[in-house]
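1. starting from these lines, generate the structure:
(chains A and B)
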Amino acid sequence: MKTFAKRCITAVALASLMVGAAHAHRAWFVPSSTVVSGDNVWVTVDGAISNNLFFPDHRPMQIAQISVTAPDGKAVQIANATVGQYRTTFDIKLEQKGTYRIAQANSGFNASYKEGDETKRWRGTLQEFVAQGIDKKPGVELTSTNRRVETFVTNGAPSEIKATGKGLELVTGATHPNDLYSGEEATFRMLNNGKPAANVEVTLIMGGDRYRDQAGEVKLKTSADGSLKVKFESPGMYWLEAEASGATTMEGRQVKSQSTYIAVLEVLPG
Amino acid sequence: MRKTALTLLVPALTAGGAHAGGIELTVEIPKLSVAEYHRPYVAIWIEDASGKVAANLSVWYAVHLKDEEGEKWLKDIRQWWRRSGRALDLPADGLSSPTRPPGANKVEFKSDSGPLAKLAPGDYRLVVEASREVGGKEMVEIPFKWAPGTEGTASASGKEELGAVTLKLVK
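-> Numbering: from 1, shown residues only, chains lettered A, B, ... in the order given. All right, here's what the predicted structure looks like:
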C-alpha cells in the first residue's frame, strides 16, 4: 500500500520523489462535477479544511471569503450556502459556457518583532503597520502574504484562466485544469504576481489518503518559465499545493513575501 | 478502455460509382437484466489517425426532455464530449436523436450529404461510445479506409455496454 499513491503520479519535471511528513489541515473546495454539460446546470461545492482528502473532519471554509468568477470575469452569487461543523456547502448556477473559478483568496501582512527576549507576532495592513508604530519596533520583519485556494468547473468547452496578478496561481498553460485525463502528461503554468513562477515547490496528493498508510505526496518543482509537468497515472481528485517565498520592496521598505496556492484538480479516466 | 477490431477492413475497389453510397452501421445495444435500466447515451463519430474528429455522425440522448434537460448527462459520453461534444451547440440537426432500445440499431449515412460529404479519402477509425445512467461506459473502434465507391464490411464488439458494431461501406 505504501507505494500505491506514488504510482498514481509520475513526476516529470525535477521530481524529487519523497514521501514527506503527513501534512495536516489541508484546505480545499470539491465540486460535485468539474465537467458539466447543458443549459441549466448547477454544481454543488464543499469547502473545508481537513486532515484527510477529501473528508471534512476539522473546520469548515469561511464563507465570507469565497468568490466565484464566471468565464466572462464577473462575480457569481453563490446559492444555498450553509456553514456546517466540518464543511461549508454552496451551489452555483453555471449560466455561461466556459470555465468558472471557485476560490478563497486573502492577502495581508505579518510582522514579527522583539519585545525584550520575547518574539511578538502581528497581522494587519501596511497602513496599520505604520499607524500602530510596529515599523519602529526592534528587530522588526515585515512579510506580505498571499493565499489562494481554488478549484475549476467547466460548462462546455474550457475557457482561458486569466491571471489575477496576485500571488501564486495556476493559469491556462498547454493543458487546461479541467482537461485532465489519466495516462496523459499535463503541462500547467504557474505565475507569481503575474510573472512566471520559477523553481516553485509543488506538492501533489491524490484524494482518498484515508485508505492508504502513506499519503504518498509527490514533490515537484516548476521550471524556469513557470511550467509544471505532471503525468497522472490514475483518475481521481488531486490536491495541489505550491509555496513561494521571496523579498520585495514596498513603499521604500524591505518586505519578505510569502505566497501559498492550493488547487483541487479532477483527473478523468483517459 | 478501447476495443479495436482485429479484422482490418479490406476495401474491394470497383469501377465507376457516381451513386450515393455511404456507410451503413449496425450498433447492437445489449439487453441487460438490471434493477434500474436506462437506455444508454451513444455517440458515433469518425476520427483520423491522430485522434482528431473527422466527422460527427450521431449522438443518441434524451432529446425529448423539456428544457433540454437530457443534455445534462452528455458529458458522461466522456471521450466524445472531450473531443467534440463540448464545442457543439446542441441539439444539432442531423446529429441529435433519441436513445435507442436494446437490439440491433441500424443507421445510414450517405457519402454525398451530411457529415460524410466533407470526409476526404483516407484511413480512419469509426468510434462508438456508450454511457448508461446508473451503468457503465464502453467504447468500440473499427479502423477502415474511406474511399467512396468501394465496398467492404468490418465489425468489432463490446463486452458490457455495446454488442456487435458492424460498419458496411456501400457504393
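2. what parts of the stretch 151-270 of chain A come near chain B?
-> A:154, A:156-158, A:179, A:181, A:268-269 (C-beta under 8 Å from any C-beta of the partner chain). Any C-beta I mention is one placed from the backbone N, CA and C, and that applies to glycine too.
3. just the buried subset of these, please.
-> The neighbour-count test (16 or more other C-beta atoms under 10 Å in any protein chain shown) marks A:154, A:156-158, A:179, A:181, A:268 as buried among these.
4. make TSV out of those and add pLDDT and secondary structure.
-> Listed next are these as TSV, based on pLDDT from 0 to 100; DSSP: H, G, I helix; E, B strand; the rest coil:
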residue	pLDDT	secondary structure
A:Thr154	98	strand
A:Gly156	96	coil
A:Ala157	97	coil
A:Pro158	97	coil
A:Asp179	97	coil
A:Tyr181	96	strand
A:Leu268	96	strand
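5. among these, which pair sits farthest apart?
-> A:Gly156 and A:Tyr181 (17.4 Å; C-beta to C-beta).
6. low-confidence stretches in the chain?
-> Just so you know, I chose chain A. Low-confidence segments of chain A (pLDDT under 70): A:1-24.
7. nope, chain B please
-> Residue ranges of chain B with pLDDT under 70: B:1-19.
8. near chain B, which residues of the stretch 1-150 of chain A are found?
-> Going by C-beta under 8 Å from any C-beta, the residues of the stretch 1-150 of chain A near chain B are A:33, A:35-41.
9. let's see if you can find the most crowded of those.
-> A:Ser37 (25 neighbours; other C-beta atoms under 10 Å in any protein chain shown).
10. burial of A:Ser67, as a residue count?
-> 13.
11. also B:Arg39?
-> 18.
12. contacts only, for it.
-> For B:Arg39, the contact set (C-beta atoms under 8 Å, 6 or more residues apart in numbering or on different chains) comprises B:29, B:60, B:99-102, B:132.
13. how does it look with 7 Å?
-> Counting by C-beta atoms under 7 Å, 6 or more residues apart in numbering or on different chains, B:Arg39 touches B:99-101.
14. also B:Trp73?
-> B:41, B:133.
15. may I have the phi/psi pair for it?
-> phi -100, psi 0 (degrees, to the nearest 10).
16. surely A:Asp46 is in contact with A:Phe90?
-> No. Using C-beta atoms under 7 Å, A:Asp46 is not in contact with A:Phe90, being 8.7 Å away.
17. closest point of the stretch 101-250 of chain A to chain B, which residue?
-> With C-beta to the nearest C-beta as the measure, A:Ala157 is the residue of the stretch 101-250 of chain A nearest to chain B, at 4.7 Å.
18. hmm, B:Arg86 and that residue touching each other?
-> Yes. Here A:Ala157 lies in contact with B:Arg86, judged by C-beta under 7 Å, at a distance of 4.7 Å.
19. how many neighbours does A:Tyr261 have?
-> The burial count for A:Tyr261: 25, using other C-beta under 10 Å.
20. so it bridges to which residues?
-> A:Tyr261 forms beta bridges with A:Arg148, A:Ala242, as assigned by DSSP bridges.
21. all strands for chain B, in order.
-> In chain B, the strands defined using DSSP state E lie at B:2-4, B:12-13, B:22-29, B:41-47, B:53-60, B:96-97, B:103-110, B:122-131, B:137-146, B:150-157, B:164-170.
22. switch those strands over to CSV; also include distance to A:Ser50.
-> Formatted as CSV, the strands of chain B follow (distance: least, C-beta to C-beta, whole Å):
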stretch, distance to A:Ser50
strand B:2-4, 37
strand B:12-13, 63
strand B:22-29, 42
strand B:41-47, 35
strand B:53-60, 39
strand B:96-97, 42
strand B:103-110, 47
strand B:122-131, 32
strand B:137-146, 30
strand B:150-157, 45
strand B:164-170, 45
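23. looking at those strands, which is buried most?
-> When you average the neighbours per residue for each of the strands of chain B (mean count of other C-beta atoms under 10 Å in any protein chain shown), strand B:41-47 leads with a mean of 23.
24. tilt between that one and strand B:122-131?
-> Counting by axes from the mean of the first three to the mean of the last three C-alpha atoms, to 10 degrees, strand B:41-47 lies at 170 degrees to strand B:122-131.
25. any part of strand B:41-47 near chain A?
-> No. Using C-beta under 7 Å from any C-beta of the partner chain, strand B:41-47 never reaches chain A; the gap is at least 10.6 Å.
26. who are the packing partners of that strand?
-> strand B:53-60, strand B:122-131 (3 or more C-beta pairs under 7 Å, 6 or more residues apart in numbering or on different chains; DSSP states H and E).
27. let's see it at 8 Å
-> Other elements packing on strand B:41-47 under the criterion 3 or more C-beta pairs under 8 Å, 6 or more residues apart in numbering or on different chains; DSSP states H and E are strand B:22-29, strand B:53-60, helix B:78-83, strand B:122-131.
28. give me the sheet partners of it and which way each runs.
-> strand B:53-60 (antiparallel), strand B:122-131 (antiparallel).
29. what's the burial count for B:Pro121?
-> 11.
30. apart from its chain neighbours, what residue comes closest to it?
-> B:Ala147 (4.8 Å; C-beta to C-beta, 6 or more residues apart in numbering or on different chains).
31. mind listing what's buried in the lengthiest strand in chain A?
-> Ranked by residue count under DSSP E, the longest strand found in chain A is strand A:98-115. Using 16+ other C-beta under 10 Å as the test for burial, strand A:98-115 gives A:98-105, A:109-111, A:113.
32. strand partners of it, parallel vs antiparallel please.
-> strand A:66-69 (antiparallel), strand A:118-124 (antiparallel), strand A:141-155 (antiparallel).
33. just checking, what packs against the helix or strand just after the first one?
-> Read it as strand A:66-69. Remark: after strand A:66-69, the chain's next helix or strand is strand A:75-76, criterion DSSP states H and E. Contacts defined by 3+ C-beta pairs under 8 Å, 6+ apart place strand A:75-76 against strand A:66-69.
34. bridging residues for A:Asn155?
-> A:Val36, A:Gly98.
35. and it, what does it touch?
-> A:36-38, A:41, A:94, A:96-98, A:100.
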